[in-house]
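In: Okay, here's the prediction I keep looking at, along with the sequence it came from:
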Amino acid sequence: MISEKVIQELKEICGSKFVSSNMTDRILYSYDATRKQFLPDVVVHPADAQAVSRIMKLAHHHRIPVYPRGAGTGFTGGALPVHGGMVMGMSRMNRILTIDQENLVAVVEPGVVTGDFQKAVEAMGLFYPPDPASLNVSSLGGNVAECAGGPRCVKYGVTKDYVIGLEVVTPTGDLMETGGTTMKGVVGYDLTKLFCGSEGTLAVITKIIVKLLPKPQAKKTMLVVFDAIDGAAKAVSAIIREKIIPATLEFMDGRTLDCLRQTAGLSLPKGAGAALIIEVDGDTEFLDKQAQRILNVIESLGVLENRVANTFEESEEIWKIRRAVSPSLRKLQLEKFNEDICVPRSRLPEMIRRIEKISDHYNLPIVNFGHAGDGNIHVNIMADKSDAEQMAKADQAVEALFRATLELGGTMSGEHGVGIMKAPYLSLELSSQSIQYMKILKKALDPHNILNPGKIFPDDAHALPGEMK
Ligand SMILES: O=C(O)CC[C@@H](O)C(=O)O
Ligand SMILES: [Zn+2]
């Protein structure tokens, strides 16, 4: 419980309107996309970095857990207040501070919605590539904390490849700047990169400096439907082997397509085993050549249909299909164990076969889609929540999936992070030494473990007293 005195201090810092301990607000901020629920004691919305710093000093002094929160679209529980305490919503800090067209750099606050930022820079002929599926809702602070990815990462890289500087507040309340606005900089340790993807456990992000690119002149989007999943997986490898890196190389298996047909009314050829969304970008002449090269490479792999978007609207129609996948799967009323394993691209066909075996072995449907061009697949193990046996099997299937991924030289998470969901499996992938050094880092910055506790490390996450069933 947080004392009335501390609540009063929080109100002085944020303004009383922006501090709430009423049940409605506590429930509102008890969820994220994992749909797990942990009730915070209080929800605060600071207006600026000074307020964040004062809050952290207060929390540090009173040992109150603090959970920074963007839009709550994370899939591993990064924003969940698993030990109660304070949720710190960053939505008031939502200004685009500068878009510097001369230096191709922008400075933003963490609460800016990713999609809004992209539109703002695109209106100036610039480009911010990271495009998580949640981009119309998710905010840049959360994207940085989780090092968000998305379809375009195959060509353009992930969030941390664009973040060149940060302003952060440490768990003890110090306000600190890292990096800067230059394209290069090698003075001292790269704290910017350390904080990117640290899942809100090392610092609260209060300002972000990103580099931008010129906006590609044009793009061409294709939805290529295959008769069998193997053909689609081979097509991904074949395109990369041909030394072509398209702007996106997204994959949806037959079950994903069935689900889209059922819940989103999509018309696709009957008997489709899988589909790829391939987008190429650049100048117009190059686009046509590259699209043709891709089609030549994959045509013998069982292509049933190739839908080419000729206009921006047609391209958006194809992307709407892709962005509908995750919400459509939710409509199936099954528990969705959504993983985001990543394997070396050449191992993708084998990984897909291994996933099929896991599905057969545990007798559970598994729906696969995602960023195949990166070897990053969202493996969704589906189980009936009311069937305890199925739920237990799904847990075993998750572990089998991680073990298979690691055997093929992959990683358990390409883009969603560890949070609470993968914490129990951390030692499958990381050596005890790396875990130990990570904990030393955490302790150096957060001696009392108050910033987003219960995340990443298994011994922290194993007992989560606050979970509501
Ligand atoms: O696993 C999911 O449901 C969504 C994953 C999300 O990163 C996506 O690419 O759509
Ligand atoms: Zn994804």
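Out: Thanks, I have it. Numbers count the residues shown, from 1 in each chain. Ligands and ions are numbered 1, 2, ... in the order given.

In: Would you mind listing what in the stretch 201-350 of the chain touches ligand 1?
Out: Val325, Ser326, Asn338 (C-beta under 6 Å from any ligand atom). In short, each C-beta sits where N, CA and C put it, glycine included.

In: and the residues you listed, which of them are in strands?
Out: Using DSSP state E, Asn338 are the members of those that sit in strands.

In: For the residues of the stretch 201-350 of the chain next to ligand 1, please prepare TSV with the additional fields pLDDT.
Out: Below are those laid out as TSV (pLDDT from 0 to 100):
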residue	pLDDT
Val325	91
Ser326	88
Asn338	92
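
In: Spell out which helix or strand contains Tyr437, please.
Out: Using DSSP states H and E, Tyr437 maps to helix 432-445.

In: hmm, who's touching that helix?
Out: With contacts defined as C-beta atoms under 8 Å, 6 or more residues apart in numbering, helix 432-445 is touched by 170-172, 194, 201-203, 426-427, 430, 449, 451, 456-457.

In: Name the residue of the stretch 351-469 of the chain that lies nearest to ligand 1.
Out: Per C-beta to the nearest ligand atom, His378 is where the stretch 351-469 of the chain lies closest to ligand 1, at 3.8 Å.

In: quick one on the thing from earlier: may I see the ChimeraX selection of the buried members of the contacts of helix 432-445?
Out: A single ChimeraX command selects the buried members of the contacts of helix 432-445 (16 or more other C-beta atoms under 10 Å):
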select :170,171,172,194,201,202,203,426,430,449,451,456,457
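
In: Pick out the most distant pair among the contacts of helix 432-445.
Out: Thr172 and Ser427 (28.7 Å; C-beta to C-beta).

In: which residues of the stretch 1-150 of the chain fall in strands?
Out: If DSSP state E, counting those that start in this stretch is used as the criterion, the strands of the stretch 1-150 of the chain fall at 19-20, 37-38, 42-44, 66-69, 86-89, 96-100, 105-108, 126-127.

In: what does the fourth one rub up against?
Out: Among residues not part of strand 66-69, those counted as contacts by C-beta under 8 Å, 6+ apart are 29, 32, 40, 55-56, 59, 79-81, 85-90, 141-142, 145, 171, 200, 204-205, 450-452.

In: can you give me how far it is from the chain middle?
Out: Centroid displacement of strand 66-69 relative to its chain, using C-alpha atoms, centre = their mean, to the nearest Å, is 17 Å.

In: How about stretch 307-319?
Out: With C-alpha atoms, centre = their mean, you get 24 Å for stretch 307-319.

In: Quick one: mean pLDDT for it?
Out: Mean pLDDT, computed over stretch 307-319, is 90.

In: Now do the buried residues in that stretch.
Out: Buried positions in stretch 307-319, judged by neighbour count with 16+ other C-beta under 10 Å: Arg307, Ala309, Ser315, Ile318, Trp319.

In: Just these: which are in strands?
Out: Assigned to strands by DSSP E, the following of the buried residues of stretch 307-319 qualify: Arg307, Ala309.

In: Nearest to Gly165 among the buried residues of stretch 307-319?
Out: Closest approach to Gly165 among the buried residues of stretch 307-319 (C-beta to C-beta): Trp319, at 30.5 Å.

In: where do the helices sit along the stretch 1-150 of the chain?
Out: Along the stretch 1-150 of the chain, the segments classed as helices by DSSP state H, counting those that start in this stretch run 4-14, 23-28, 49-62, 114-122, 140-146.

In: quick one on the thing from earlier: that's a strand at the residue of the stretch 351-469 of the chain closest to ligand 1, yeah?
Out: Yes - checked against DSSP: H, G, I helix; E, B strand; the rest coil, His378 lies within a strand.

In: So which residues make contact with the one helix or strand Ala394 maps to?
Out: In the assignment (DSSP H and E), Ala394 maps to helix 388-407. With contact meaning C-beta under 8 Å, 6+ apart, helix 388-407 is reached by 335, 337, 339, 341-343, 351, 354-355, 358-359, 361-364, 366, 379, 381-385, 411-412, 425, 428-429.

In: Any buried residues in it, and which?
Out: Those would be Gln390, Lys393, Ala394, Ala397, Val398, Ala400, Leu401, Phe402, Ala404, Thr405, Leu406, for helix 388-407 by 16+ other C-beta under 10 Å.

In: how about it as PDB, C-alpha atoms only?
Out: Extracted in PDB, the C-alpha atoms of helix 388-407 (Å, rounded to 0.1, in the frame of the first residue of the first chain):
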ATOM      1  CA  ALA A 388      -6.600 -27.800 -18.100                       C
ATOM      2  CA  GLU A 389      -5.000 -30.700 -19.900                       C
ATOM      3  CA  GLN A 390      -4.700 -28.700 -23.200                       C
ATOM      4  CA  MET A 391      -3.300 -25.700 -21.300                       C
ATOM      5  CA  ALA A 392      -0.700 -27.900 -19.600                       C
ATOM      6  CA  LYS A 393       0.200 -29.300 -23.000                       C
ATOM      7  CA  ALA A 394       0.500 -25.800 -24.500                       C
ATOM      8  CA  ASP A 395       3.100 -25.000 -21.800                       C
ATOM      9  CA  GLN A 396       5.100 -28.000 -22.800                       C
ATOM     10  CA  ALA A 397       4.700 -27.100 -26.500                       C
ATOM     11  CA  VAL A 398       6.100 -23.700 -25.700                       C
ATOM     12  CA  GLU A 399       9.200 -25.200 -24.100                       C
ATOM     13  CA  ALA A 400       9.600 -27.700 -27.000                       C
ATOM     14  CA  LEU A 401       9.400 -24.800 -29.400                       C
ATOM     15  CA  PHE A 402      12.100 -22.800 -27.600                       C
ATOM     16  CA  ARG A 403      14.400 -25.900 -27.400                       C
ATOM     17  CA  ALA A 404      13.900 -26.500 -31.200                       C
ATOM     18  CA  THR A 405      14.600 -22.900 -31.900                       C
ATOM     19  CA  LEU A 406      17.800 -22.900 -29.900                       C
ATOM     20  CA  GLU A 407      18.900 -26.100 -31.500                       C
END
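
In: Run a quick check on Leu451 versus Glu199, I expect a contact.
Out: No - using C-beta atoms under 8 Å, Leu451 is not in contact with Glu199, being 10.3 Å away.

In: Excluding residues flanking it in the chain, which one is nearest Gln217?
Out: Spatial nearest neighbour of Gln217, chain neighbours left out: Asp283 (4.6 Å); criterion: C-beta to C-beta, 6 or more residues apart in numbering.

In: Revised request: answer the last question for Ala49.
Out: Thr206 (3.8 Å).

In: and that neighbour, what does it touch?
Out: Asp48, Ala49, Val52, Met93, Glu109, Pro110, Glu167, Val168, Val169, Leu175.

In: Domain ranges for the protein, per the record?
Out: 4-89, 96-214, 216-331, 333-419 (the TED database).

In: gap between the two ends of the first one?
Out: Right, domain 4-89. 20 Å (C-alpha to C-alpha, to the nearest Å).

In: what do you get for the third one?
Out: Taking C-alpha to C-alpha as the measure, domain 216-331 stretches 36 Å from start to finish.

In: Distance to Ile435 added to the domains of the chain, as JSON lines?
Out: What follows is the domains of the chain, written out as JSON lines (distance: least, C-beta to C-beta, whole Å):
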{"stretch": "domain 4-89", "distance to Ile435": "17"}
{"stretch": "domain 96-214", "distance to Ile435": "13"}
{"stretch": "domain 216-331", "distance to Ile435": "30"}
{"stretch": "domain 333-419", "distance to Ile435": "11"}
